[in-house]
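Engineer: structure for this input, please:
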Amino acid sequence: MTAPRTRPPSVNALAQRLAGRGIPHPILVDLARQAIADDAVDEYEQRAANFSRTLLTPVINATGVLLHTNLGRAPNSFDPPYEAITVEFDLVTGERGSRQHAVGSLFARLCQTEAAMVVNNNAAAVLLVLAALAEGRDVPVSRGESVEIGGSFRVPDVMERSGARLVDVGTTNRTRLDDYRRAVERDDVDAALVLKVHPSNYRIDGFVEDTSVADLATLDVPVVADIGSGLIDADCPWLAGPPPAWLADEPAAVQTLRDGAALVTFSGDKLLGGPQAGIIAGQRDLVERCMRHPLARALRPGGLVLHALQSLALAYLDRDVVTQVPFWTMAAAPIDELERRATAIVETVASAAPGSRAIPTQALPGAGSAPGVTMPSWGVELDIDVVDALRAREHAIIARRVDDRTLLDLRSVQPVDDAAIAQAIIDVAS
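Structural biologist: Numbers count the residues shown, from 1 in each chain. Coordinates of the predicted model:
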């Protein structure tokens, strides 16, 4: 005789099992209703846990990629204000103010130029500059710089959306000043500006030739340089010593403008070390044309981004970057300190994970910054593959899998997280 089927719990009773676990009640009800419909009541708690892991969640980045695009690029240390802030309010006059004035003036000072403004990412910055300065006109670009970066962002597509017309110049590997000059002087070309694009996520070596911003500035049209990764000053005056070797070929805003660029555009969440944003800096008249364009409103950032960028700019001006900006804290960590931390973790986990050892590694700036360049680091290597187990923890640790082993690179890990890494290794190895 067939046993009677057990009556499933009510939706509300099932949802109440996980009350107080941090998942809103309407979500718990939806999950409970679906579990009952699927005859999978026993899976309810796991389904709820799986839902929690689909939310934005803090993790420990032990990949050695400091600006990990999938992990939000530069970690941000500036807390949002808990009060109203003067996003568009002038305290002196009591009237409506400019959203761009406070942060724009700070970045103009940082870049040693006349004016600056902020939009919501660097692709938006390039789009706005082209739309405001070159709509319906021509823009010469080297074929070697007509690139695609992450998310299918392509320079030709952005050019088309802006209303400007792309004029290919030179070849993929060699573009000379004369190539640009001939394009600018052609009777069928109405050049509004020349666009120089930092390739960001790839590098061509060998039989190559590039045209510098200083040379392009001799042409009769403005030069706009998309330097991409957001290095403010190649001299890195916020560091105690000389600029690090891994930055040797990275374009910087101060030097690019000094070489004659009319405008530069760059990201806020790469080498700058701040939130996702795009900065446009350079000649006042050109920046103001960008501010007046209708797209500027659609692309403007909100108060949280502006506040974070203001705090970031003040840290740079105070030259207190290494202590306040997590990216530079990680990038400037002395190699002997990383070795000491790796050795300490290995000593802590030795009994539970006897196959662990401290090893020298090579970390990456990441996010298309300094392509092909690495920086020396130290990490902890385990002779077992526990990458998935570390990622499955409540406070997930993102590590690297190398030949069925696990590598945790400490260049991208804050020292305060070393104890959590050690405990996690003990737990998963056991």
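Engineer: okay, CA-based contacts and neighbour counts for the rest of this
Structural biologist: Fine.
Engineer: list the buried residues of the helix or strand in which residue 341 is found.
Structural biologist: Assigned by DSSP states H and E, residue 341 falls within helix 335-349. Neighbour-count burial for helix 335-349, counted by 16 or more other Cα atoms under 10 Å, picks out 338, 339, 341, 342, 343, 344, 345, 346, 347, 349.
Engineer: what is the next helix-or-strand element following it packed up against?
Structural biologist: Under the assignment DSSP H and E, the closest C-terminal helix or strand after helix 335-349 is strand 357-363. Applying 3 or more Cα pairs under 8 Å, 6 or more residues apart in numbering; DSSP states H and E, we find strand 357-363 packed against helix 335-349, strand 375-382.
Engineer: got the domain ranges for this protein?
Structural biologist: Listed domain ranges for the chain are 13-45, 60-68+333-429, 101-324 (source: automatic domain parsing).
Engineer: circling back: can you list the buried residues of helix 335-349 in CSV and add pLDDT and distance to residue 74?
Structural biologist: CSV is the format used below for those (pLDDT from 0 to 100; distance: Cα to Cα, whole Å):
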residue, pLDDT, distance to residue 74
338, 98, 20
339, 98, 23
341, 98, 22
342, 98, 23
343, 98, 26
344, 98, 26
345, 98, 25
346, 98, 27
347, 97, 30
349, 97, 29
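Engineer: residue ranges with poor pLDDT in the stretch 101-250 of the chain?
Structural biologist: Judged by pLDDT under 70, the stretch 101-250 of the chain has its weakly predicted residues at 149-153, 200-206.
Engineer: what segments of it are strands?
Structural biologist: Counting by DSSP state E, counting those that start in this stretch, residue ranges of the strands within the stretch 101-250 of the chain are 115-119, 138-142, 148-149, 153-154, 165-169, 194-197, 223-228.
Engineer: so which of these gets nearest residue 30?
Structural biologist: Closest to residue 30 of the strands of the stretch 101-250 of the chain is strand 153-154 (Cα to Cα; 36.6 Å).
Engineer: dump the residue contacts of residue 40.
Structural biologist: The contact partners of residue 40, by Cα atoms under 8 Å, 6 or more residues apart in numbering, come to none.
Engineer: just name the most buried of the strands of the stretch 101-250 of the chain.
Structural biologist: strand 115-119 (a mean of 28; mean count of other Cα atoms under 10 Å).
Engineer: tell me which strands it pairs with, and in which orientation.
Structural biologist: Applying DSSP bridges, strand 115-119 is found paired with strand 278-282 (antiparallel).
Engineer: in the helix or strand just after the strand it pairs with, what's buried?
Structural biologist: Using DSSP H and E, the helix or strand that directly follows strand 278-282 along the chain is helix 284-292. Neighbour counts over helix 284-292 (16+ other Cα under 10 Å) mark 284, 286, 287, 290, 291 as buried.
Engineer: CA atoms of helix 284-292 as PDB?
Structural biologist: Output of helix 284-292 as PDB, limited to C-alpha atoms (Å, rounded to 0.1, in the frame of the first residue of the first chain):
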ATOM      1  CA  ARG A 284      38.700  75.600 -19.900                       C
ATOM      2  CA  ASP A 285      36.800  76.500 -23.000                       C
ATOM      3  CA  LEU A 286      36.700  72.800 -24.200                       C
ATOM      4  CA  VAL A 287      35.700  71.500 -20.800                       C
ATOM      5  CA  GLU A 288      32.900  74.100 -20.600                       C
ATOM      6  CA  ARG A 289      31.600  73.000 -24.100                       C
ATOM      7  CA  CYS A 290      31.400  69.500 -22.700                       C
ATOM      8  CA  MET A 291      29.500  70.700 -19.600                       C
ATOM      9  CA  ARG A 292      26.900  72.500 -21.800                       C
END
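Engineer: what is it packed up against?
Structural biologist: Counting by 3+ Cα pairs under 8 Å, 6+ apart, helix 284-292 packs on strand 115-119, helix 122-134.
Engineer: hey, what's the angle from the shortest one to helix 122-134? Just curious.
Structural biologist: This points to strand 115-119. For strand 115-119 against helix 122-134, the angle by axes from the mean of the first three to the mean of the last three Cα atoms, to 10 degrees is 130 degrees.
Engineer: picking up where we left off before, of the helices and strands packed on helix 284-292, which is nearest residue 73?
Structural biologist: Once the helices and strands packed on helix 284-292 are compared by Cα to Cα, helix 122-134 is nearest, at 13.6 Å.
Engineer: and the contacts of the closest one?
Structural biologist: The contact list for helix 122-134, computed with Cα under 8 Å, 6+ apart, reads 118-119, 153, 158-159, 161-164, 192-193, 226, 228, 265-268, 277-280, 286, 289-290, 293, 295-296, 299.
Engineer: only the buried subset of the residues you listed, as a ChimeraX command please.
Structural biologist: Filtering those down to the buried ones (16+ other Cα under 10 Å) takes a single ChimeraX command:
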select :118,119,158,159,162,163,164,192,193,226,228,265,266,267,268,277,278,279,280,286,290,295,296,299
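Engineer: just the terminal-to-terminal distance for stretch 81-91.
Structural biologist: End-to-end span of stretch 81-91 (Cα to Cα, to the nearest Å): 17 Å.
Engineer: in it, which residues are buried?
Structural biologist: For stretch 81-91, by 16+ other Cα under 10 Å, it's residue 87.
Engineer: centre of the chain to that stretch, how far?
Structural biologist: 26 Å (Cα atoms, centre = their mean, to the nearest Å).
Engineer: contacts for that stretch?
Structural biologist: Applying Cα under 8 Å, 6+ apart, the set of residues contacting stretch 81-91 is 95, 96, 97, 98, 99, 303, 304, 306, 307.
Engineer: same for the helix holding residue 341, what does it pack against?
Structural biologist: Looks like helix 335-349 contacts strand 357-363, strand 375-382, helix 418-429 (3+ Cα pairs under 8 Å, 6+ apart).
Engineer: give me the contacts around the second one.
Structural biologist: Read that as strand 375-382. 246, 335, 338-339, 342-343, 345-346, 353, 355-365, 405-411.
Engineer: again with stretch 241-259
Structural biologist: 110-113, 198, 213-214, 217, 225, 227, 230-236, 263-264, 282, 369-370, 373-375.
Engineer: one more pass at 7 Å, please.
Structural biologist: 111-112, 213-214, 227, 230-236, 264, 282, 370, 373-375 (Cα atoms under 7 Å, 6 or more residues apart in numbering).
Engineer: okay, how far is it across stretch 199-215, tip to tip?
Structural biologist: Taking Cα to Cα as the criterion, the two ends of stretch 199-215 lie 18 Å apart.
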